[in-house]
Every structure is written in C-alpha cells, then in structure tokens.
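*Asks:* Coordinates only, no sequence provided:
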C-alpha cells in the first residue's frame, strides 16, 4: 500500500468511527469528525499531512499525492 491509500483508509475509518461514537455516546464526538475533515481540506491545499510524514519516515512508498 502507498502512503496515499493508507492516509485515505485511516481518515475514512476515523470519520466513520467518530460518527458511530457520536450516535451512541454523544455529539461531542463529532468534533473528531470535523478535525479529520479539516485536515483533509488542509492537506488538499498544502500537500502536507502529519500521517503521511510519519509513514514516509517508516519507509512506506509514497503515492502521487504525498511526495
């Protein structure tokens, strides 16, 4: 798997998990959804993502989005 696919899979999983947590435990979990959504928008404009930097240091091969 490339960095791009890992970032997208992780972010999607976290968004779905936070929605489930909000449904069962309270609306404050939607802040986690907002955080990951804002991080995706920020990464789209800047090309910088903390998770991609960590994955790059661990030797995962980059995809076309995160160099």
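*Replies:* Happy to help now that I have it. Since the structure is predicted, the reported quantities are computational estimates derived from the model, not experimental observations.

*Asks:* how about the helices of the chain, start to end?
*Replies:* Secondary structure of the chain by DSSP state H: the helices cover 3-25, 30-46, 50-57.

*Asks:* among those helices, which is nearest residue 63?
*Replies:* When the helices of the chain are compared by CB to CB, helix 3-25 sits nearest residue 63, at 3.2 Å. For the C-beta atoms, the positions are set from N, CA and C on the backbone; glycine is no exception.

*Asks:* Specify the angle between that closest one and helix 50-57 in degrees.
*Replies:* Here the directions of helix 3-25 and helix 50-57 differ by 140 degrees (axes from the mean of the first three to the mean of the last three CA atoms, to 10 degrees).

*Asks:* any idea which residue sits dead centre in the chain?
*Replies:* residue 11 (3.1 Å; CA atoms, centre = their mean).

*Asks:* nearest spatial neighbour of it, skipping sequence neighbours?
*Replies:* The shortest distance from residue 11 to any non-neighbouring residue, by CB to CB, 6 or more residues apart in numbering, is to residue 36 (5.2 Å).

*Asks:* isn't residue 4 right up against residue 56?
*Replies:* No. Taking contacts as CB atoms under 8 Å, residue 4 lies outside contact range of residue 56: 11.3 Å.

*Asks:* Looking at the two, which one has more neighbours?
*Replies:* Using other CB atoms under 10 Å, the more surrounded residue of residue 4 and residue 56 is residue 4, with 18 against 15.

*Asks:* who are the neighbours in contact with the residue lying closest to the more buried one once chain neighbours are set aside?
*Replies:* Leaving aside its sequence neighbours, residue 4 sits nearest to residue 63 (CB to CB, 6+ apart; 3.2 Å). Applying CB atoms under 8 Å, 6 or more residues apart in numbering, we find residue 63 in contact with 2-5.

*Asks:* shaky segments in this protein?
*Replies:* 66-67 (pLDDT under 70).
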